[in-house]
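Asks: coords please:
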Amino acid sequence: MVIYSVGFGLVSYILLFSYNQQPFIGNLIWSVIVLIYTLYVRKSFFHIENEGKVH
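Replies: Numbers count the residues shown, from 1 in each chain. Model (predicted):
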């Protein structure tokens, strides 16, 4: 998800300067939001249970 968001944002950033249209700005902002959210909740993707401890 991180690689996809970075790639999608990079393509939108490049197209923004090539065509200078609003949809590319929205795509860039959306990929930045998804990237920030993914990094914020990354611990829920890698839930590791410790042996002997009750959660």
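
Asks: Worst mean pLDDT across the helices and strands of this protein, which element?
Replies: helix 42-45 (a mean of 73; mean pLDDT, DSSP states H and E).

Asks: pull the CA atoms of it into CSV?
Replies: Backbone C-alpha positions of helix 42-45 (Å, rounded to 0.1, in the frame of the first residue of the first chain) are rendered in CSV as follows:
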residue,chain,number,x,y,z
ARG,A,42,0.6,0.4,10.6
LYS,A,43,0.7,-1.4,13.9
SER,A,44,-2.8,-2.9,13.3
PHE,A,45,-1.4,-4.6,10.2
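
Asks: tell me which element the residue most central in space within the chain falls in.
Replies: Using C-alpha atoms, centre = their mean, the residue of the chain that lies closest to the mean C-alpha position is residue 35, 2.0 Å off. If you go by DSSP states H and E, residue 35 is part of helix 22-40.

Asks: From the contact counts, what lies against that helix?
Replies: Counting contacts by 3 or more C-beta pairs under 8 Å, 6 or more residues apart in numbering; DSSP states H and E, the secondary-structure elements packed against helix 22-40 are helix 2-19. All C-beta atoms are positioned from the backbone trio N, CA, C, and that covers glycine.

Asks: What are the buried residues along the helix it packs on?
Replies: 5, 8-9, 12-13, 15-16 (16 or more other C-beta atoms under 10 Å).
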